[in-house]
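Trainee: My questions are about this predicted structure, shown below with the sequence.
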Amino acid sequence: MNINWYPGHMKKTKESIKKNLTLVDIVYELVDARIPISSQNPDIDEIIGEKPRIKLLNKSDLADQNFNLEWQNYFKEKGIHSVLIDAVHSKGLKELLDLTYKLTENKRKQLLRKGIKKRPIRIMILGIPNVGKSTLINSLSKRKGAKVGNKPGVTKANQWIKIKGDLELLDTPGILWPKFEDKEVGLNLAFTGAIKDELLDIDSLAVKLVERLNLISSEYIKNRYKVEVDGKDPHDIIMEIGKKRGAMISGGEVDFSRVSSIIIDEFRKGKIGRITLERPVDL
Ligand code: G4P
């Protein structure tokens, strides 16, 4: 999904999200577990304000299990509730719903005191593009396929989806912008596939990715592609992988762009391993 964010658009988005926030009791803030900081919106605290919230570390199936726990501890120390989820395979949803009930208990009591028994507890999802918002809505609502609002003849007004007991989810998630003026953030988003309009060409992105993976551990590229990486230039490593994979152009030269897309694609699909790019210790 490509969204051209510009100040006017950001202001409007923020206003419409804030309006929707008045309708809900709790917010699910989605981030990518591989890059929990780069995939968050820079103004998120101000936008959510005092509303109860849960940080959902999504795509946790693609992230390193040890770092998943480290990130949870990190957020816990900051007083932020977090849950590890995998929206595609509906993992972590029970824990999420249990925590949702716990965090909205006061709201229920408050409604009861006011004599409003039937009012459901309402939830809204927020996150940057591609973080998994639609996938999560589908998993929570157990529905497949087209969004309600996309069907002809169906109103595009907000709809509430019943998910469990007295919990209801707003069918339109809030789409926020990342901190795109930061170069490191941009790279992290490009590596994980969050931005499609690449800020770098595919060849340079692959060089940067191989460089980054080798910095984290020399084992990832070595084990996946059976090539030597120690003391080697990322460009040469990619050439080597190209030869091994037979990604050649006529004349026997390595098709650098083809190998580059293979590496990037395999990283995004988790084939090189469960890899967390951002770590709490680096902050
Ligand atoms: P969005 O609404 O926030 O924009 O994100 P969306 O649900 O469309 O998800 C973006 C991509 O991320 C989808 O891949 C989706 O399957 C994948 N995804 C979402 N949650 C998870 C998760 O927990 N684990 C894994 N492994 N993948 C997840 P896609 O359909 O292949 O789209 P694309 O990558 O071709 O853009």
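Mentor: Okay, I see it.

Trainee: Not counting residues beside it along the chain, what's closest to Ser39?
Mentor: Computed as Cβ to Cβ, 6 or more residues apart in numbering, the closest residue to Ser39 that is not its neighbour in sequence is Asp32, at 4.0 Å. Every residue, glycine included, has its C-beta placed from N, CA and C.

Trainee: Tell me the confidence at that neighbour?
Mentor: The score at Asp32 is 98. That number is its pLDDT.

Trainee: That one: neighbouring residues, count only.
Mentor: 30 (other Cβ atoms under 10 Å).

Trainee: what ranges do the helices span in the stretch 51-200 of the chain?
Mentor: Here the stretch 51-200 of the chain has its helices, by DSSP state H, counting those that start in this stretch, at 65-77, 93-103, 105-113, 133-141, 183-192.

Trainee: ok so, going back, if I look at the residue nearest to Ser39, how far off is Asp282?
Mentor: Taking Cβ to Cβ, to the nearest Å as the criterion, Asp32 is separated from Asp282 by 16 Å.

Trainee: How many residues are close by the residue of the stretch 151-283 of the chain found nearest the ligand?
Mentor: Closest to the ligand within the stretch 151-283 of the chain is Gly193: 5.4 Å, counting by Cβ to the nearest ligand atom. By the criterion of other Cβ under 10 Å, Gly193 has 15 neighbours.

Trainee: before we move on, the earlier item: do I have it right that the residue nearest to Ser39 meets Ala194?
Mentor: Yes - at 6.8 Å, Asp32 counts as touching Ala194 under the criterion of Cβ atoms under 8 Å.

Trainee: and for the two, which residues touch both?
Mentor: Common neighbours of Asp32 and Ala194 (criterion: Cβ atoms under 8 Å, 6 or more residues apart in numbering): 39, 131.

Trainee: Need the three-state assignment for the residue of the chain positioned farthest from its centre.
Mentor: The C-alpha centroid of the chain is most remote from Gly251, which lies 41.6 Å away (Cα atoms, centre = their mean). With DSSP: H, G, I helix; E, B strand; the rest coil as the basis, Gly251 sits in coil.

Trainee: now it: how far from Pro280?
Mentor: In terms of Cβ to Cβ, Gly251 sits 48 Å off from Pro280.

Trainee: Repeat that for Pro7.
Mentor: From Pro7 to Pro280 the distance is 31 Å (Cβ to Cβ).

Trainee: Compare neighbour counts for these two and give me the winner.
Mentor: In this view Pro7 and Pro280 are compared by other Cβ under 10 Å, and Pro280 has more residues nearby, 16 against 7.

Trainee: State the distance from the closest residue to that one other than its chain neighbours to Pro173.
Mentor: Closest residue in space to Pro280, ignoring its immediate chain neighbours: Tyr74 at 4.1 Å, by Cβ to Cβ, 6+ apart. Distance, Tyr74 to Pro173, by Cβ to Cβ: 25 Å.

Trainee: Which one of these two is surrounded by more residues?
Mentor: Taking neighbours as other Cβ under 10 Å, Tyr74 and Pro173 compare with Pro173 leading, 21 against 18.

Trainee: what's the burial count for Leu30?
Mentor: 27.

Trainee: who are the neighbours of the one helix or strand it maps to, in terms of helices and strands?
Mentor: Leu30 is part of strand 26-32 when elements are defined by DSSP states H and E. Packing contacts for strand 26-32, counted by 3 or more Cβ pairs under 8 Å, 6 or more residues apart in numbering; DSSP states H and E, involve helix 44-48, strand 53-58, helix 93-103, strand 121-127, helix 133-141.

Trainee: Quick one: distance of it to the chain centre.
Mentor: 9 Å (Cα atoms, centre = their mean, to the nearest Å).

Trainee: Use 58 as the first number from now on
Mentor: Let's use 58 as the start, then, which means that last one is strand 83-89.

Trainee: So what angle separates the directions of that strand and helix 162-170?
Mentor: 160 degrees (axes from the mean of the first three to the mean of the last three Cα atoms, to 10 degrees).
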